[in-house]
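> Could you work out the structure for the sequence below:
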Amino acid sequence: MIYSSLLFIYVFFPVSLLLYYVTPEKYRNITLLALSVIFCGMNGAAYLLFLASYTALNFGFCHLIGKYRKNKFIAKGMLTLALVLDISVIFIFRSDFFSAYRELMSIPEVFFPVGISFFTLSAVGTLADVYSGRTEPEKNIVYFALYMMFFPRIIMGPPMRYSGFRKMLRHRKSGLADIGTGLSLFVKGFAKKVIAVDTLYSLYNAASGVEIEKMPALTAWLGAVSFLLCFYFTISGFSDMGAGISCCFGFRISKSFNYPVFSPNVRCFTARWHMQVSQWFRRYVTKPLSSLCVKKIYRDIIIIAAGGLFGFWYTFDIGGAVSGLIWSTAVVAETRFIKEKQLQITGVLYTFILALVCSVFMSGGGLVYSMKYLFAMIGGNRLLADSQSLYLLKSYVLILIVSMYSAASFFRNIMVHSRRKKIQNIITALSPLIVLSAMILCTVLISYRGSSDMILLKM
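Take a look at the predicted model:
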């Protein structure tokens with residue numbers, strides 16, 4: 001069960017809200033943990049057992065590291081062991097290279113711990129913070145278990161510092177205004193998933209199904225654009241849904257994306273893309289390593305390598321790493337050689353094209369396939385278009401235009417300008433109707449097409 005399933009939307013979510021608000025305030029954390037356990041259990045008993053064991057293991061290591069923090073040798077040994085275990089787990093489940101280990105441990109092929117990429121980052125960050133003294137080890141198992149298993153964060157995060165989550169646990173306020181804000185944000189993410197992703201994924205499947213040696217340039221471009229938009233709307237959509245659900249329970253989680261797709265330069269795109277994850281890599285990877293370097297060139301190398309690690313984290317294959325290396329190299333090159341004043345529409349175009357190139361490597365198929373795909377995009381197959389590519393363009397041009405418009409900041413700018421033109425009250429009055437209409441439309445689309453449980457990347 002995921003957030004875009006009708007079972008979650010019309011059964012689990014409203015029942016959870018009802019149970020939470022009828023529970024006395026001092027017991028609400030226990031209610032949230034119970035609901036999170038039920039949510040995880042509805043994804044399978046094996047998933048619940050895995051996540052509970054993972055949570056207990058990290059809870060224990062946090063206590064041991066905190067207890068022996070003054071003894072650097074023991075604390076460092078505990079930290080190293082905990083990191084090795086956490087990172088080994090994510091490699092076993094996400095990397096195809098370790099498929100033999102999964103078979104050896106008799107792990108069913110269909111079993112995958114959804115959200116492992118995000119709760120691993122949370123666990124590793126908390127262990128590092130406890131070791132460095134930035135966070136005290138949590139003594140309340142309910143608090144720590146909620147941090148790891150809180151169902152609005154379980155699928156697409158975002159990773160948070162434990163100190164920030166604990167502060168929200170202790171001082172959050174919830175009410176009708178929070179529910180209204182949260183539902184609006186949830187429907188926004190739901191619409192991204194159902195209207196944009198589910199439709200664009202059909203275009204991507206149709207384009208990528210063409211034999212690569214015979215692929216027309218138009219088909220290749222349609223496939224690359226549809227994958228990039230699918231990738232963006234999948235992650236941002238689930239992030240919006242998770243943040244909206246959290247808001248209904250009084251948790252204000254920062255947004256993960258700030259309209260990155262049509263950014264004026266690569267650095268701006270990077271600053272707007274998956275912001276909490278980017279901050280995690282800067283805090284726990286880039287900054288600690290860069291602080292050890294005096295020369296700028298070594299710091300640039302660390303930034304490029306961290307970018308490769310960031311890309312690898314998305315896919316756990318060589319394509320993701322290459323994508324990250326290309327992007328971080330562009331960031332370093334832009335920082336050194338290109339002035340921001342020189343980038344206007346040119347910057348938007350080259351940033352978007354670079355994002356398309358990276359998405360080709362990110363989409364899988366191997367490096368050879370990705371290179372052939374890029375070759376097809378520049379007309380290397382000596383075929384610009386055929387009847388199928390023209391049919392795909394005609395069939396999907398509207399959803400492409402709407403999706404690209406939605407991925408840009410144009411609508412947000414309209415809302416900002418509306419405040420100045422004093423029509424904000426009209427928009428506010430119409431918002432409930434817009435949200436309800438979007439909800440009905442998405443429900444109808446799911447009922448017509450079937451399930452909307454597909455996630456582009458297992459994370």
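
> Can you name the element that comes right after the worst-scoring helix or strand of the chain on mean pLDDT?
Ranked by mean pLDDT, DSSP states H and E, the weakest helix or strand in the chain is helix 410-420, scoring a mean of 59. On the C-terminal side of helix 410-420, the nearest following helix or strand under DSSP states H and E is helix 424-449.

> three-state assignment of residue 136?
coil (DSSP: H, G, I helix; E, B strand; the rest coil).

> burial of it, as a residue count?
By other Cβ atoms under 10 Å, 14 other residues sit near residue 136. In short, each C-beta sits where N, CA and C put it, glycine included.

> so what's residue 234 up against?
Residues near residue 234 by Cβ atoms under 8 Å, 6 or more residues apart in numbering: 192, 193, 197, 455, 456, 457.

> just residue 320 next, same as before
Counting by Cβ under 8 Å, 6+ apart, residue 320 has contacts 311, 312, 313, 314, 361, 362.

> what pLDDT, on average, does the helix or strand that contains the fifth one get?
Assigning secondary structure by DSSP H and E places residue 361 in helix 345-362. For helix 345-362, mean pLDDT is 92.

> Contacts for the helix or strand just after it next, please.
The element immediately downstream of helix 345-362 (helix or strand, assigned by DSSP H and E) is helix 367-377. For helix 367-377, the external contacting residues (Cβ under 8 Å, 6+ apart) are 212-213, 215-217, 219-221, 223-224, 318-319, 322, 356-357, 360-361, 363, 365, 381.

> Which entries within those meet the buried criterion?
Buried members of these, scored by 16 or more other Cβ atoms under 10 Å, are 212, 215-217, 219-221, 223-224, 319, 322, 356-357, 360-361, 363, 381.

> pLDDT below threshold where in the stretch 1-150 of the chain?
Counting by pLDDT under 70, the stretch 1-150 of the chain has low-confidence residues at 97-111.

> how does the protein divide into domains?
Following automatic domain parsing, one gets these domains for the chain: 6-171, 178-264+344-449.

> could I get those as a markdown table with distance to residue 305?
What follows is those, written out as a markdown table (distance: least, Cβ to Cβ, whole Å):
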| stretch | distance to residue 305 |
| --- | --- |
| domain 6-171 | 16 |
| domain 178-264+344-449 | 16 |
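
> who wins for proximity to residue 282 among those domains?
Smallest distance to residue 282 across those (Cβ to Cβ): 11.7 Å, for domain 6-171.

> ok now do the most centrally placed residue in the chain, which residues does it touch?
Residue closest to the average C-alpha location in the chain (Cα atoms, centre = their mean): residue 235, at 4.1 Å. Each residue near residue 235 by Cβ under 8 Å, 6+ apart is listed here: 156, 256, 257, 274.

> can you rerun that using 6 Å?
The contact partners of residue 235, by Cβ atoms under 6 Å, 6 or more residues apart in numbering, come to none.

> Helix, strand or coil: sort out it for me.
helix.

> In contact with residue 181, which residues?
residue 247.

> quick one: it from residue 187, how far?
11 Å (Cβ to Cβ, to the nearest Å).

> just the strands in the stretch 1-150 of the chain please.
Taking DSSP state E, counting those that start in this stretch as the test, none of the stretch 1-150 of the chain falls into strands.

> how about the helices in it?
6-7, 13-22, 28-41, 45-67, 72-94, 99-104, 116-132, 141-149 (DSSP state H, counting those that start in this stretch).

> Can I get those in JSON lines including distance to residue 331 and mean neighbour count?
What follows is the helices of the stretch 1-150 of the chain, written out as JSON lines (distance: least, Cβ to Cβ, whole Å; neighbours: other Cβ atoms under 10 Å):
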{"stretch": "helix 6-7", "distance to residue 331": "41", "mean neighbour count": "14"}
{"stretch": "helix 13-22", "distance to residue 331": "39", "mean neighbour count": "15"}
{"stretch": "helix 28-41", "distance to residue 331": "37", "mean neighbour count": "19"}
{"stretch": "helix 45-67", "distance to residue 331": "32", "mean neighbour count": "18"}
{"stretch": "helix 72-94", "distance to residue 331": "25", "mean neighbour count": "16"}
{"stretch": "helix 99-104", "distance to residue 331": "34", "mean neighbour count": "12"}
{"stretch": "helix 116-132", "distance to residue 331": "21", "mean neighbour count": "22"}
{"stretch": "helix 141-149", "distance to residue 331": "31", "mean neighbour count": "20"}
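
> of those helices, which approaches residue 347 most closely?
Per Cβ to Cβ, nearest to residue 347 of the helices of the stretch 1-150 of the chain: helix 116-132, 30.5 Å.

> Just the ones in helices from the buried ones among the contacts of helix 367-377, please.
Judged by DSSP state H, these include 217, 219, 220, 221, 223, 224, 319, 322, 356, 357, 360, 361 as members of helices.

> Identify the residue nearest the first one in space, chain neighbours excluded?
Meaning residue 217. Leaving aside its chain neighbours, residue 217 sits nearest to residue 379 (4.5 Å; criterion: Cβ to Cβ, 6 or more residues apart in numbering).

> Near that neighbour, how many other residues are there?
Residue 379 has 13 nearby residues by other Cβ under 10 Å.

> can you tell me the helix or strand for it?
Using DSSP H and E, no helix or strand contains residue 379.

> Let me know the pLDDT of it.
90.

> tell me the phi and psi of residue 285?
When read as degrees, to the nearest 10, the backbone of residue 285 gives phi -120, psi -60.
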